[in-house]
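Return a 3D structure for these sequence lines:
(one chain, ligands or ions: 1)
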Amino acid sequence: MPEAPQTIENALFERFGERIAVDPGLNGLDELASLAARGVCRRFLARDVPPELLRLLCACALSAPSKSDLQQGEILIVRENDRRARIADLLPSMPWMREAPVFLVFLANGGRLPQLAAMRGKPFPNDHLDLFFNATVDAAIVLATFLRAAEAVGLGCCPISVIRDHARAVSELLELPQKVVPIAGMCLGWPAENGVLTPRLSLPTTVHHERFDDGDLAAQVGAYDRRRAALRPYRNQRDPTRYGQAQFYGWSEDKARQYAVPQRADFGAFVRAQGFHLD
Ligand SMILES: Cc1cc2nc3c(=O)[nH]c(=O)nc-3n(C[C@H](O)[C@H](O)[C@H](O)COP(=O)(O)O)c2cc1C
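Numbers count the residues shown, from 1 in each chain. This next block holds a predicted model:
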């Protein structure tokens, strides 16, 4: 087993195609190593996650920073087989939903703030897009922190945004009140396979200095497509009946095909029906 600095350097080279030096005297190298080498998990052992461990992870995740200390990100734990199966029935393309012993739903709760205003007899002139945005950002931070905590103890995770394809049905199943929306689900369990490291866009594409500059985007994306295909080629091409079989099928072709059909075009209507004003 290479030491942590070597693990980090190797993982980041595979991820970004560039050597990044790691000072061996840094604190927290084990955590950086697990972040650098991580991958999503979609196969789980038939082994439960103890409730007290889940509680610990929730507490760590909810220790994340929160916009104005408003604490609008929340976690809903779904353990009951029947309820998990009913959600899984909505998502037949995600069979890992059935294997994972725990399903979580990360919620943006924009309802508590107006409730506080009413409790304290104050006006609430902030029922606009920012309420939804703040709550969503907080919930996303809680999700990311939960993932980090869970992976640190050896659990595997797969966030599931596809629940938003069925946002109304899922919200009814979970009895979500007005101004509470699911931002994503998460399959959680003990991994039955090693996570696979997925290469990312190069750092010059996604890290900017002093001002935004995406340079020659086509060249950068082309280079990424080739670097990624050499390490992790796609097994299947999307929608070949419409687009044919491409000789070279890279990430950008896959994402362009994915988003060539409407995705959750009714999500805004759902969010409005949940009581958020998006103006
Ligand atoms: C907000 C969010 C939603 C996601 N939704 C899904 C999903 O619905 N189904 C799924 O299989 N993976 C989902 N993923 C996992 C991504 O596909 C995965 O993170 C991405 O392919 C990169 O792989 P990696 O995490 O292993 O690096 C989601 C990830 C995030 C962050």
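
Next, the buried residues of the helix or strand hosting residue 139.
Here residue 139, judged by DSSP states H and E, is contained in helix 129-152. For helix 129-152, a neighbour-count test (16 or more other Cβ atoms under 10 Å) marks 131-132, 134-143, 145-151 as buried. Every residue, glycine included, has its C-beta placed from N, CA and C.

again, but for stretch 15-27
Applying a neighbour-count criterion of 16+ other Cβ under 10 Å, one finds 15-17, 22 buried in stretch 15-27.

Relative to residue 98, which of those is nearest.
Closest approach to residue 98 among these (Cβ to Cβ): residue 15, at 30.1 Å.

so the closest one touches residue 35, yeah?
No. Between residue 15 and residue 35 there is no contact under Cβ atoms under 8 Å: 10.3 Å.

before we move on, back to that, among the buried residues of stretch 15-27, which ones lie close to the ligand?
Counting by Cβ under 6 Å from any ligand atom, the subset of the buried residues of stretch 15-27 that neighbours the ligand is empty.

out of those, who's nearest residue 178?
residue 15 (41.3 Å).

quick one: secondary structure of that closest one?
Classification of residue 15 using DSSP: H, G, I helix; E, B strand; the rest coil returns helix.

For it, give me the pLDDT.
Note for residue 15: predicted pLDDT of 98.

same check, this time on residue 2
On the pLDDT scale, residue 2 gets 61.

ok, now residue 215?
Confidence at residue 215, expressed as pLDDT, is 88.

now do the one 4 residues further on
The predicted structure scores residue 219 at 97 on the pLDDT scale.

Please name the residues that touch it.
Contacts here follow Cβ atoms under 8 Å, 6 or more residues apart in numbering; on that basis residue 219 touches nothing.

how close does it sit to the ligand?
23 Å (Cβ to the nearest ligand atom, to the nearest Å).

what residue of the chain is the furthest out?
Farthest-out residue of the chain from its mean C-alpha position, per Cα atoms, centre = their mean: residue 121, at 37.2 Å.

distance of that one from the ligand?
38 Å.

same deal with residue 81?
For residue 81, the distance to the ligand equals 21 Å [Cβ to the nearest ligand atom].

Next, the most centrally placed residue in the chain: secondary structure please.
In the chain, the centroid-proximal residue (Cα atoms, centre = their mean) is residue 159; its distance is 4.6 Å. In three-state terms, and counting by three-state DSSP, residue 159 is strand.

Convert the C-alpha atoms of the lowest-mean-pLDDT helix or strand in the chain to PDB, please.
Sorting the helices and strands of the chain by mean pLDDT, DSSP states H and E puts helix 96-99 at the bottom, at a mean of 92. Presented in PDB, the C-alpha positions along helix 96-99 are these (Å, rounded to 0.1, in the frame of the first residue of the first chain):
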ATOM      1  CA  TRP A  96     -29.300  -0.200  -6.600                       C
ATOM      2  CA  MET A  97     -32.200   1.500  -4.800                       C
ATOM      3  CA  ARG A  98     -33.400  -2.000  -3.800                       C
ATOM      4  CA  GLU A  99     -30.100  -3.300  -2.600                       C
END
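
so, in contact with the ligand or not, the next helix or strand after that helix?
Past helix 96-99, further along toward the C-terminus, the next helix or strand under DSSP H and E is strand 102-109. No. Judged by Cβ under 6 Å from any ligand atom, strand 102-109 stays clear of the ligand, getting no closer than 8.7 Å.

quick one: buried residues of the helix or strand just after strand 102-109?
Of the helices and strands lying after strand 102-109 in sequence (DSSP H and E), the nearest is helix 112-119. Within helix 112-119, the residues scored as buried using 16+ other Cβ under 10 Å are 112-114.

Need these in JSON lines (columns: pLDDT).
Output for those, formatted as JSON lines (pLDDT from 0 to 100):
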{"residue": "112", "pLDDT": "98"}
{"residue": "113", "pLDDT": "98"}
{"residue": "114", "pLDDT": "98"}
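
and which of those is nearest the ligand?
The closest of the buried residues of helix 112-119 to the ligand turns out to be residue 112 (Cβ to the nearest ligand atom; 22.7 Å).
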